[in-house]
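Novice: sequence and computational prediction follow.
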Amino acid sequence: MIRLSNINKTFKVAQRGKGATAALVSLFHRQYREVHALDDISFDIAEGEIVGYIGPNGAGKSTSIKVMSGILVPDSGECNVMGYTPWKRRREYVRNIGVVFGQRTQLWWDVPISDSFDLLKSIYKIPDADYRRNLDLLTETIGLREFINTPLRQLSLGQRMRAEIAASLLHSPKVLFLDEPTIGLDAPSKLAVRQFIREINAETKVTVMLTTHDMNDIEALTDRVILIGKGRILYDGSFAAIRGRLGAALSTEEVIAALYGEHGI
């Protein structure tokens, strides 16, 4: 379903010293440093899996998601998702994936959620019968009925996130990329989002790749975790197995910290 082989991505970041003189010099002689966001990344994800993709800020999580969703082109390596190279044949490819970035929206700010969904139906050219079936399923599963006719700007953060995830699933994607889907949510909203992800995965067999800093998301949703640090894969496997090796009494956060410690991060 998803295969990354030896993916590398480097960014050039401008830098300068402090003070007015350094600022003036940088206008004519700009200096850069290279940041290796992804360093020989490889992994495979099977159809229907929910995989937790975790790591500290700057580890390479979002860069990986952007490569897999076709937003970024890697410097080298191969990425294959459902037989597509994500940054090629983009129009065909995006019809088969859903993407949710926790701090960005694909919905329209001043119109009711239902109108945004209708616009997405037109954009993705979803057949009427499929659209009605998916909308009914999503409305019931994630509890949209109470606010589906309310403009996005009037919703709470938890309601917005539920609407965002529903919007990403209207066109029946085979793969769902969730980048920090519970960021900023209160406890009841987090529980609702987690329950929805579990149910929609069981119902539709959609493959889910979840990046998050909330270890409760990982425990609640995933059996497999991929740990990334400084652009490199540090661990890929069962969370239960690594917890058993490091100590069953440790909290999720302590297990992750111990894994980082093993790799000097």
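Specialist: It's in. Small disclaimer: the values here were computed from a predicted structure and weren't measured.
Novice: and the host helix or strand of residue 134, what does it pack onto?
Specialist: When elements are assigned from DSSP states H and E, residue 134 belongs to helix 128-142. Secondary-structure packing of helix 128-142 (3 or more C-beta pairs under 8 Å, 6 or more residues apart in numbering; DSSP states H and E): helix 157-169, helix 187-204. Where you see a C-beta, it was placed from the backbone N, CA and C, and this is true even at glycine.
Novice: need the winner for burial among these.
Specialist: helix 157-169 (a mean of 22; mean count of other C-beta atoms under 10 Å).
Novice: helices or strands next to that helix in the packing?
Specialist: strand 97-101, helix 113-124, helix 128-142, strand 175-179, helix 187-204.
Novice: next one: the first one to chain centre, how far?
Specialist: Relative to its parent chain, strand 97-101 has a centroid offset of 7 Å by C-alpha atoms, centre = their mean, to the nearest Å.
Novice: coming back round to it: minimum distance to residue 78: which of the helices and strands packed on helix 128-142 has it?
Specialist: helix 157-169 (25.4 Å; C-beta to C-beta).
Novice: could I get the average pLDDT for that closest one?
Specialist: Computed over helix 157-169, the mean pLDDT rounds to 88.
Novice: burial of residue 6, as a residue count?
Specialist: 13 (other C-beta atoms under 10 Å).
Novice: could you confirm it falls within a strand?
Specialist: Yes - assessed with DSSP: H, G, I helix; E, B strand; the rest coil, residue 6 lies in a strand.
Novice: please look at it and residue 38 and confirm they touch.
Specialist: No - if you go by C-beta atoms under 8 Å, residue 6 and residue 38 don't touch, sitting 9.8 Å apart.
Novice: picking that back up, average model confidence for the helix holding residue 134?
Specialist: So the average pLDDT for helix 128-142 ends up being 89.
Novice: can you list contacts of that helix?
Specialist: 117, 121, 126, 144-145, 148, 162, 165-166, 169-172, 192, 196, 199-200, 203 (C-beta atoms under 8 Å, 6 or more residues apart in numbering).
Novice: please redo it, this time with the cut-off set to 7 Å
Specialist: Contacting residues not belonging to helix 128-142 are listed as 117, 121, 144-145, 148, 162, 165-166, 169-170, 172, 196, 199-200, 203 [C-beta atoms under 7 Å, 6 or more residues apart in numbering].
Novice: what angle separates it from helix 113-124?
Specialist: Angle between the axes of helix 128-142 and helix 113-124 is 140 degrees (criterion: axes from the mean of the first three to the mean of the last three C-alpha atoms, to 10 degrees).
Novice: report the backbone C-alpha coordinates of helix 128-142 in PDB.
Specialist: Output of helix 128-142 as PDB, limited to C-alpha atoms (Å, rounded to 0.1, in the frame of the first residue of the first chain):
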ATOM      1  CA  ASP A 128     -24.400  11.300  -5.900                       C
ATOM      2  CA  ALA A 129     -25.100   7.900  -4.400                       C
ATOM      3  CA  ASP A 130     -21.500   7.600  -3.000                       C
ATOM      4  CA  TYR A 131     -21.700  11.100  -1.600                       C
ATOM      5  CA  ARG A 132     -25.000  10.500   0.200                       C
ATOM      6  CA  ARG A 133     -23.800   7.200   1.500                       C
ATOM      7  CA  ASN A 134     -20.500   8.600   2.800                       C
ATOM      8  CA  LEU A 135     -22.100  11.700   4.300                       C
ATOM      9  CA  ASP A 136     -24.700   9.600   6.100                       C
ATOM     10  CA  LEU A 137     -22.000   7.300   7.500                       C
ATOM     11  CA  LEU A 138     -19.700  10.200   8.600                       C
ATOM     12  CA  THR A 139     -22.500  12.200  10.000                       C
ATOM     13  CA  GLU A 140     -23.600   9.400  12.300                       C
ATOM     14  CA  THR A 141     -20.100   8.000  13.100                       C
ATOM     15  CA  ILE A 142     -18.500  11.300  14.100                       C
END
